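[1] structure here, sequence nowhere to be found:
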């Protein structure tokens, strides 16, 4: 298993000092090289669980084990460098930067960002910038094809792209990091069916061709059914059902309580 969640608990207190338990002991194993979908109703703690895994939420109990290492109370920045990439909800590109610039800033190589480094090592930095550009072009070709339109739009600002196109680019640039596990938070939200099919193929390529593991949150059950190897149903702060996707989604209890069928 590349990721293990062991008895994750988290509560919060409102302005009236009332305590609410959001996560009541989540246990989940994510298998390496597979696609696991995390499903459940709104407000059940799915994104909060992603925050726990990626270091944005530290006030929890239990253990997060990634690739054999305990991640508890490690900063989000350090966790990202350990091999966990994340796609957040909504737009993630910087509108005033070009497609290429948005790809390069996602690189885990931060050469040139230290003060005076560009003055002291100009050749080294120029070489690394060329390498990042080559890496970005290679990613776009692998995911979208050798003659994809994005290769002719590298200098277009992100604001020139539609929401769906920005979503595709945001997913693609995750490959600029040296990640082993990707957390995708509602990758198809607000995206039309054409782009949904593209996202589906991108994720398959990331697993089959790039060797990544995917844990995703998704409300599109058709997408989940077609894509995910494993499905985990989060309800009442615990993983109430987990197993092969078709088995979980066809479970009578899941269909009644979550899908309303």
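    Perfect, thanks for sending it. Just so it is clear, the structure is predicted and the values come from calculations on it, not from any experiment.
[2] what about the strands in the stretch 101-250 of the chain?
    181-185, 213-217, 230-235, 238-244 (DSSP state E, counting those that start in this stretch).
[3] between strand 230-235 and the last one, find me the angle.
    Per axes from the mean of the first three to the mean of the last three CA atoms, to 10 degrees, the angle that strand 238-244 makes with strand 230-235 is 160 degrees.
[4] tell me the strands beside strand 238-244, with direction?
    Within its sheet, and counting by DSSP bridges, strand 238-244 is paired with strand 230-235 (antiparallel).
[5] and residue 184, what is it in contact with?
    Neighbour list for residue 184: 86, 87, 171, 203, 214, 215, 216, 217, 218 [criterion: CB atoms under 8 Å, 6 or more residues apart in numbering]. For glycine as for every other residue, the C-beta is placed from the backbone atoms N, C-alpha and C.
[6] can you pick the most crowded of these?
    residue 215 (26 neighbours; other CB atoms under 10 Å).
[7] any idea what that one is bridged to?
    Going by DSSP bridges, residue 215 forms beta bridges with residue 36, residue 183.
[8] right, and it touches residue 38 too?
    Yes: Residue 215 is within contact range of residue 38, at 6.5 Å (criterion: CB atoms under 8 Å).
[9] related to what we said a few turns ago, how about the strands of the stretch 101-250 of the chain in JSON lines, adding mean pLDDT?
    Converted to JSON lines, those look like this (pLDDT from 0 to 100):
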{"stretch": "strand 181-185", "mean pLDDT": "97"}
{"stretch": "strand 213-217", "mean pLDDT": "98"}
{"stretch": "strand 230-235", "mean pLDDT": "96"}
{"stretch": "strand 238-244", "mean pLDDT": "96"}
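[10] so in the protein, where's the weakest helix or strand by average pLDDT?
    Using mean pLDDT, DSSP states H and E, helix 117-120 stands out as the lowest-scoring helix or strand of the chain, at a mean of 62.
[11] circling back to that earlier point, and which of the contacts of residue 184 is nearest residue 100?
    residue 171 (16.3 Å; CB to CB).
[12] next up, the contacts around that closest one.
    Applying CB under 8 Å, 6+ apart, the residues contacting residue 171 are 87, 184, 187, 199, 202, 203.
[13] and the fifth one, how many neighbours?
    It refers to residue 202. 20.
[14] for the closest residue to residue 224 other than its chain neighbours, list the residues it contacts.
    Counting by CB to CB, 6 or more residues apart in numbering, residue 224 lies nearest to residue 37, which is 4.5 Å off, once chain neighbours are set aside. Contact criterion CB under 8 Å, 6+ apart gives 216, 217, 218, 224, 227, 228, 230, 231, 232, 245 as the residues in contact with residue 37.
[15] in the stretch 51-200 of the chain, which spans are helices?
    Assigned by DSSP state H, counting those that start in this stretch, the helices in the stretch 51-200 of the chain fall at 76-81, 99-104, 117-120, 122-144, 163-172, 193-208.
[16] among those helices, which is nearest residue 54?
    Closest among these, using CB to CB: helix 76-81, at 5.7 Å.
[17] so what does that closest one touch, helix or strand wise?
    helix 46-54 (3 or more CB pairs under 8 Å, 6 or more residues apart in numbering; DSSP states H and E).
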